[in-house]
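Asker: sequence and predicted structure, then a few things I'm wondering about:
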Protein chains: 2
Amino acid sequence: MQRSAFFISDGTGITAEALGQSLLAQFANIHFKKLTVPYIDTIEKAQVLVQQINRAATEDNARPIIFDTVVNQQIREVLAQSNGFMVDIFSTFLSPLEQELQEHSSYSVGTSHAIDRNSHYMERMAAVNFALDNDDGARTHYYDQADLILLGVSRSGKTPTCLYLAMQYGVRAANYPLTEEDMEQPKLPTALKPYRHKLFGLTIDPERLSSIRNERRANSRYASIAQCEFEVREVEQLLRREDIPFINSTHFSVEEISARILLEQGIERRLK
Amino acid sequence: MQRSAFFISDGTGITAEALGQSLLAQFANIHFKKLTVPYIDTIEKAQVLVQQINRAATEDNARPIIFDTVVNQQIREVLAQSNGFMVDIFSTFLSPLEQELQEHSSYSVGTSHAIDRNSHYMERMAAVNFALDNDDGARTHYYDQADLILLGVSRSGKTPTCLYLAMQYGVRAANYPLTEEDMEQPKLPTALKPYRHKLFGLTIDPERLSSIRNERRANSRYASIAQCEFEVREVEQLLRREDIPFINSTHFSVEEISARILLEQGIERRLK
C-alpha cells in the first residue's frame, strides 16, 4: 500500500518535514512516498502544486497526506482545494496560541530558519568551524574553548556527532581519537587532563567498527575484528577507570547520541 | 515580557523543537525562554518536570507554553496536570490521521530520529564522510560520485552548506574553492569541466566576506576589502559567463541556501 505525502512550506520546508516525518513514522505498515516542496510563496506555484497533488491522488488511488506550514491564508486556501488530506499545522495551533499569548501572530513567512531573527546563527557557524578545526585531535590547544571533547577509537562516530552538535545546537565540540599509544598508558593523555569535566566517550561494538573500517581500508589490520576488539576493550577500560561518561553508538543515530550527550553533560542547546 | 517554553519528548526532542520554534517565531514581541527536555520516558521523570514547569509559571507569572511529542498516554496525562499551556502535537494530529489512513498508529516512542527504521541513515553518514573527504578541492577524482559541486571563493559558505546537505538530506556535495589562478583563466578549471550539470555557485557580499576573513587572518591582504571585491567580481563573472546557477549567501542561512540549491538543481532530499 502506497500513500503520497507532501511537506509543503513557503520557507525551507524543514518544520513541515520534521513534523510530517514524526507523525508518519507512527504508521509503520504504510509505505509513504514523501516529497518536500519548499518556497511555495505565490498563488501560481500553489496552483501548479495542486495539480501535482491531484495526479498523485489518482496514481495512488488515495488522497495524499499534506503537511503544510504555509503562513499566507490565500495560498493555504488554494492548497485546500486539492484532493489531499490536509494537516494544517499553523492554522491548527496559531489561533489557540494567539489567545493564550494575547498577541497577534505576525504571520510572517519562514522565519524560523532565516538568518536575521536567528540570534544563534553565527554561533552555530562558528561552532561548525570549531568542530572542523579541532577534529581528530588535530589541535588540542583550543580545548579551553570547547563545550565538549569526545573521545573514542577511530571511526566510532566522533566527527559526525561533533558536526551535528555544532550545526544544530551551536555546541563547540572537539574530538580526540584514542590511539594505541594512548591505550598503553595507565593514564589520560596529557592534553586531556585539564578538561576532565568536558570529556565524553563514544564506544561501538567491535563487529560494527570492523565493518565501518573495512569500507575505508579493506582487509587491513586496522579493520580486523581482533584489532577492533582490542581497541574497544582498552578504551572502555580507560573510560571506566577514569570515570568518564560514555555511550555505545552502535544502535543510535547522531541525533540520538547528541541529545543524550547534551542531557548527560547538562550542555545548553543554542536553538535556532 | 517573558514566557517560558518547553519542548518535551520521549525521544530526542527534535520534532517538538522544530515545530515549537516555528510557531513561536510568529510572536516576535515576546521573549521566550526555551528549554528542550528530551527522553521523558517514565512517569517519574514527567513528575519532576511538572514541578519545573510549575516553578517557571510562578517565576514568569504566566503559564509556560508546552510543545510535546510524547507518545505514551500516561506520561502525557502527567504533563497535562502541570500549570502549562499544552500544544499536544501527537494527540491533535494522530487521531485524524488514523482515520484517514484506516490504520492504528503504533504509538512507538521517538522513532523518527532512530537509526533502525531509518533507511537513509547510512547514506547520510556516507554523505558526511564524502563532504569531509571532498572539501575545499582536496580531491577532485571522486566528482563522478557527487550529487553537487559547490563553487565559490574561500569563506563563501561552501563547507557548512555541504555538511548540512549531507547531514540533513544525505546529499553528496563536494566543494571547490576558486583561486586567483582559476579566475585568471578564461575557462572553467579542468577538473570541473566534465561535471558542468553538477555545479552550483555561492557568492557573498565583499563586505561580509572581508569581515569573515578578518576573523581568520586579521589585516591580511586575503581579508582586505579590495581583494574580496576583486575575487567576488571575478567569480560572479565566471559563473555568469559559464551559465552556472548561483546564489548570494550573505543573507541566507545554511538551511535556506540548501533548500534553494536542492530546489533549483532538482536534487532529491533523502529524508530521515
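Answerer: Yep, it's here.
Asker: phi, psi of the residue of chain A positioned farthest from its centre?
Answerer: No residue in chain A sits farther from the centre than A:Pro186, which is 35.6 Å out by C-alpha atoms, centre = their mean. Note on A:Pro186: backbone dihedrals following degrees, to the nearest 10 are phi -80, psi 0.
Asker: what separates the nearest residue to A:Thr12 once chain neighbours are set aside from B:Glu77, distance-wise?
Answerer: Spatially, and ignoring its direct neighbours in sequence, A:Thr12 is nearest to B:Ala259 (3.9 Å; C-beta to C-beta, 6 or more residues apart in numbering or on different chains). Backbone N, C-alpha and C define where each C-beta goes, glycine included. Separation of B:Ala259 from B:Glu77 (C-beta to C-beta, to the nearest Å) stands at 38 Å.
Asker: assign the closest residue to A:Tyr169 other than its chain neighbours to helix, strand or coil.
Answerer: Leaving out its chain neighbours, the residue that sits closest to A:Tyr169 by C-beta to C-beta, 6+ apart is A:Arg269, at 4.4 Å. The three-state label given to A:Arg269 by DSSP: H, G, I helix; E, B strand; the rest coil is coil.
Asker: picking that back up, okay, B:Ala259 and B:Glu77: which has more neighbours?
Answerer: Higher neighbour count among B:Ala259 and B:Glu77: B:Ala259, with 28 against 12, using other C-beta atoms under 10 Å in any protein chain shown.
Asker: contacts for the helix or strand harbouring the more buried one?
Answerer: Per DSSP states H and E: B:Ala259 is located in helix B:254-265. Here helix B:254-265 makes contact (C-beta atoms under 8 Å, 6 or more residues apart in numbering or on different chains) with A:11-14, A:38-39, A:110, A:113-115, A:125, A:167, B:148, B:150, B:157, B:160-161, B:164-165, B:168-169, B:171, B:200, B:202, B:245, B:247, B:249, B:252, B:267-269.
Asker: what about the strands in chain A?
Answerer: A:2-8, A:31-37, A:65-68, A:85-88, A:148-152, A:173-177, A:199-203, A:246-248 (DSSP state E).
Asker: can you put the ones you listed in JSON lines and add mean neighbour count?
Answerer: Below are these laid out as JSON lines (neighbours: other C-beta atoms under 10 Å in any protein chain shown):
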{"stretch": "strand A:2-8", "mean neighbour count": "23"}
{"stretch": "strand A:31-37", "mean neighbour count": "18"}
{"stretch": "strand A:65-68", "mean neighbour count": "26"}
{"stretch": "strand A:85-88", "mean neighbour count": "19"}
{"stretch": "strand A:148-152", "mean neighbour count": "25"}
{"stretch": "strand A:173-177", "mean neighbour count": "24"}
{"stretch": "strand A:199-203", "mean neighbour count": "23"}
{"stretch": "strand A:246-248", "mean neighbour count": "18"}
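Asker: quick one: contacts for the closest residue in space to A:Arg213 that isn't next to it in sequence?
Answerer: Excluding the flanking residues, the one nearest A:Arg213 by C-beta to C-beta, 6+ apart is A:Ala223, at 3.7 Å. By C-beta under 8 Å, 6+ apart, the contact list for A:Ala223 reads A:210, A:213-214, A:216-217.
Asker: which phi and psi does A:Ala223 have?
Answerer: phi -100, psi 0.
Asker: over to A:Asp243?
Answerer: Per degrees, to the nearest 10, the backbone of A:Asp243 is at phi 60, psi 40.
Asker: residues contacting stretch A:91-102, please?
Answerer: A:76, A:104-105, A:107, B:3, B:23, B:26-27, B:30, B:63, B:65, B:85, B:87, B:92-93.
Asker: distance from it to the middle of the chain?
Answerer: 28 Å (C-alpha atoms, centre = their mean, to the nearest Å).
Asker: dump stretch A:51-60 to CSV, restricted to CA.
Answerer: C-alpha atoms of stretch A:51-60 as CSV (Å, rounded to 0.1, in the frame of the first residue of the first chain):
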residue,chain,number,x,y,z
GLN,A,51,-2.3,19.7,-10.0
GLN,A,52,0.7,17.6,-8.8
ILE,A,53,-1.1,16.6,-5.7
ASN,A,54,-4.2,15.6,-7.7
ARG,A,55,-2.1,13.5,-10.0
ALA,A,56,-0.6,11.6,-7.1
ALA,A,57,-4.1,11.1,-5.7
THR,A,58,-5.1,9.4,-9.0
GLU,A,59,-2.0,7.3,-9.2
ASP,A,60,-2.2,6.1,-5.6
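Asker: quick one: contacts of that stretch?
Answerer: By C-beta under 8 Å, 6+ apart, the surrounding residues in contact with stretch A:51-60 are A:2-4, A:6, A:33, A:63-64, A:66, A:79, A:82-84.
Asker: these two touch, right, A:Lys33 and A:Met1?
Answerer: No - in this structure A:Lys33 lies outside contact range of A:Met1 using C-beta atoms under 8 Å: 11.1 Å.
Asker: about what we covered before: just how off-centre is the helix holding B:Ala259 within its chain?
Answerer: 11 Å.
Asker: which stretches of chain A form helices?
Answerer: Remark: helices assigned in chain A by DSSP state H are A:14-24, A:43-60, A:73-80, A:89-101, A:121-133, A:158-169, A:180-184, A:206-216, A:225-241, A:254-265.
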